[in-house]
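[1] Okay, sequence plus prediction incoming.
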Amino acid sequence: MGFVRPDQSFYPSARAAGEAPPETHGYVTLPTALDDPRPDALGVVDLDPGSPSYGTLVSRVELPHSGDELHHFGWNACSSALCPYAPHAHVERRYLIVPGLRSSRITILDTKDDPLHPRVVKVIEPETLARRAGYSRPHTVHCGPDGIYVNALGGTSDGDGPGGIFRLDHDSFDVLGRWEVDRGPQFLAYDFAWHLGYDTMITSEWGTPAMVENGVVPELLLGKKYGRSIHVWDLRRRRHVQTLSVGEDDQMVLELRPAHDPTKAYGFVGVVTSVANLSASIWLWHLAGRSWELTKVIEIPAEPAEASVLPPLLQGFGAVPPLVTDINLSLDDRFLYVSAWGTGEFLQYDVSDPFHPRKTGSVHLGGIVRRAAHGNGAALSGGPQMVEVSRDGRRVYVTNSLYLAWDQQFYPEGIEGWMVKLDADTENGGLSLDPGFHIDTGTDRAHQVRLAGGDASSDSYCYP
Amino acid sequence: MSGVWPWLALAAAGAFHGLNPAMGWLFAVGLGMQEGSQRALLRALPFIAAGHALAIALVVLAVAAAGIVVDPTALRLGGAALLVGFGIWRGVRWRRHPRWVGMRVGPRDLVAWSFLMATAHGAGLMLIPVLLHLPGYAAYARVPNPHVLALGWGPTTASTAALAVATHTLAMLAVATGLAVLVYRTVGVAVLRRFWVNLDLPWAASLIGTGVLMAVL
């Protein structure tokens, strides 16, 4: 704990964080396959180019229980601790909050004493979460100005939902209860994000546990039952304000990436697929006067394909869907990165004008049909999925697993986990695969990556 | 102790409170930056000062009221115990902060926020020892004089109380304004990373210290 300085990984603004030194290591969730009895693990990756173990998995911290299905995770505290209305600058970025999406168990790991070998310090059992917050299937974690926010896909009733948000105390990690005072029509959940400068929370929609846990349900998809909206909330009063829906046929409104500059009132959300033509899309939410609007700014079409090369789920369509499953926005709000997990394309857009994105880079990694190999010649199963961007915007890390049951449906021949690195041209735009960086996690699937000291989706800022 | 000394102490405490980013100068900077205007910053500060003044006034009035009904020694020792106790609590739970989520704030919000922050930090409590030494205000609490006690709450007490709140708050406002403008215009918020003294612990220490001094002096 610093006495005359806050944690040096805290930055008042995204602009300042962009000048942070390069990350020296990163953390990646490693869920084991559904039929694998071993517990999931948190992997630690050496990202210091000067180190002999650069680009390798230096440790694999096994969690205490099996069957968690790790997905997303986050820090106990970050740059938002410098926010002016609730400053607590002398907390530390130290603990990783790691929810088990399938087990509803939350594991807390301490990275301070040995950052390369974090140790488990607390486990929040599913019963505690259910009793204190009424939620299950915890998912996204964000360090807020006044505590830790986590959301969950499911409720605890027979209705399977609603999913929503709960808070954890930033010292004891006790579950403090459900966040919503008035949830309005919101029922489905997936991701959440906020505009701290506008006291606004945004949440997105995927499906309840029953709708997603055993794979995509074709009848629900064709019946347009998966999430089609984002919700706008008053962050201060914890009330639902507005529902914004995507097109008639678009479904699974997933990753929310708000502008990092708190004076900008817009953000991007990725939509997985349209049942009309299997396209994927990116939408822009933005404040127009006093209310919010949602506008489609990118559409990525499906690619025609022979039924024989498609998994059973897609054979009737004769096309491979792009499946935009993750997106990420660089800290300077300039480049948007988009994973098309189905076609295996990884894209970079210049979004300096958020209403008119300009495609500036594309790299192929795996893919259902294309199966593009790594630059080093190694085969890549699956496709680009979770994406994380370094604070300076120059390095982009990508992993390939979506969700165990869904991996099986779209890549039935199986997925071997990998993590690769791309180098971004932050001057003119452009993207290239680093041929020397390829971490093969074998039967461990690789999911979300968090970079030591923060990354482009871990922190939020109160100053422009 | 009498004369100008307690007034200087009140002003010094005001300056100390003004320095603490949790007392409002940083919020004013944040609001100014969000709006992109120094006017927004300057507009916020008087309301922040008003909230602070309210928190102080509450303690000033409480001490005056207690002075009427409570035995002076009991008042002194009770005040000391309160300070030490609150200081220890702050010292142990220094990470605890009032919950407040919001950058879109109007005048009323700012007054409420500042009142909450000052109260939760025990800003007013820190002034108790000084208040007991103000001429014509709580002197009766020091010298058990039935004659003075009989006077109770009088015009002198009221004007002394008002002057005490004003002295403290103006010093707080002056320091907070200077600091906010300096950071907004010249230094920039990057300074928050390089230098942000953890005032929570010295704050708790000064609460305990004043309490102890009050008990023994």
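    Looks like it arrived, so ask away. Numbers count the residues shown, from 1 in each chain, chains lettered A, B, ... in the order given.

[2] Just the strands from the stretch 151-300 of chain A, written as ranges.
    Using DSSP state E, counting those that start in this stretch, the strands of the stretch 151-300 of chain A run over A:164-168, A:175-178, A:192-195, A:200-203, A:229-234, A:239-245, A:250-258, A:266-274, A:280-288, A:291-300.

[3] Go through the ones you listed and name the closest to A:P321.
    Of all the strands of the stretch 151-300 of chain A, it is strand A:266-274 that lies closest to A:P321, at 5.1 Å by C-beta to C-beta. Glycine gets a C-beta too; all of them are placed from N, C-alpha and C.

[4] could you dump the strands of the stretch 151-300 of chain A to CSV with mean pLDDT, mean neighbour count and distance to A:G147?
    CSV is the format used below for these (pLDDT from 0 to 100; neighbours: other C-beta atoms under 10 Å in any protein chain shown; distance: least, C-beta to C-beta, whole Å):
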stretch, mean pLDDT, mean neighbour count, distance to A:G147
strand A:164-168, 97, 22, 5
strand A:175-178, 96, 17, 7
strand A:192-195, 98, 23, 13
strand A:200-203, 98, 26, 14
strand A:229-234, 98, 23, 16
strand A:239-245, 98, 16, 18
strand A:250-258, 98, 25, 19
strand A:266-274, 98, 24, 22
strand A:280-288, 98, 21, 25
strand A:291-300, 98, 17, 25
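
[5] And these: which comes nearest A:P311?
    Nearest to A:P311 among these is strand A:266-274; the distance by C-beta to C-beta comes to 14.3 Å.

[6] quick one, the closest one and strand A:291-300 angle?
    If you take axes from the mean of the first three to the mean of the last three C-alpha atoms, to 10 degrees, strand A:266-274 sits at 50 degrees to strand A:291-300.

[7] about what we covered before: now render the strands of the stretch 151-300 of chain A as a markdown table, adding distance to chain B.
    As requested, those are arranged in a markdown table below (distance: least, C-beta to the nearest C-beta, whole Å):
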| stretch | distance to chain B |
| --- | --- |
| strand A:164-168 | 10 |
| strand A:175-178 | 10 |
| strand A:192-195 | 9 |
| strand A:200-203 | 9 |
| strand A:229-234 | 9 |
| strand A:239-245 | 12 |
| strand A:250-258 | 14 |
| strand A:266-274 | 15 |
| strand A:280-288 | 12 |
| strand A:291-300 | 14 |
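
[8] could those be laid out in a markdown table, adding distance to B:P107?
    Below are the strands of the stretch 151-300 of chain A laid out as a markdown table (distance: least, C-beta to C-beta, whole Å):
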| stretch | distance to B:P107 |
| --- | --- |
| strand A:164-168 | 29 |
| strand A:175-178 | 30 |
| strand A:192-195 | 22 |
| strand A:200-203 | 21 |
| strand A:229-234 | 19 |
| strand A:239-245 | 22 |
| strand A:250-258 | 28 |
| strand A:266-274 | 28 |
| strand A:280-288 | 23 |
| strand A:291-300 | 25 |
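
[9] in its sheet, what does the longest strand along chain A sit against?
    When chain A is parsed with DSSP state E, its longest strand is strand A:431-442. Strand A:431-442 pairs in its sheet with strand A:417-424 (antiparallel), by DSSP bridges.

[10] The closest residue in space to A:G207 that isn't next to it in sequence - how many residues pack around it?
    Excluding the flanking residues, the one nearest A:G207 by C-beta to C-beta, 6 or more residues apart in numbering or on different chains is A:Y226, at 5.1 Å. Neighbours of A:Y226 under the rule other C-beta atoms under 10 Å in any protein chain shown: 24.

[11] B:L217 now?
    Look at B:L217: counted by other C-beta under 10 Å, it has 11 neighbours.

[12] what does the model give it for pLDDT?
    pLDDT for B:L217: 74.

[13] What residues does the closest residue to A:W206 other than its chain neighbours make contact with?
    Closest residue to A:W206 apart from its sequence neighbours, by C-beta to C-beta, 6+ apart: A:Y190 at 3.7 Å. By C-beta atoms under 8 Å, 6 or more residues apart in numbering or on different chains, A:Y190 lies in contact with A:139-140, A:151, A:153, A:163, A:203-206, A:227, A:252-254.

[14] Check the stretch 151-300 of chain A for the residue nearest chain B and tell me.
    A:R236 (4.2 Å; C-beta to the nearest C-beta).

[15] excluding its backbone neighbours, what's nearest the residue nearest the centre of chain B?
    For chain B, B:A123 is the residue whose C-alpha lies nearest the centre (C-alpha atoms, centre = their mean; 3.5 Å). Counting by C-beta to C-beta, 6+ apart, B:H17 is the residue found nearest to B:A123 once chain neighbours are left out, at 5.3 Å.
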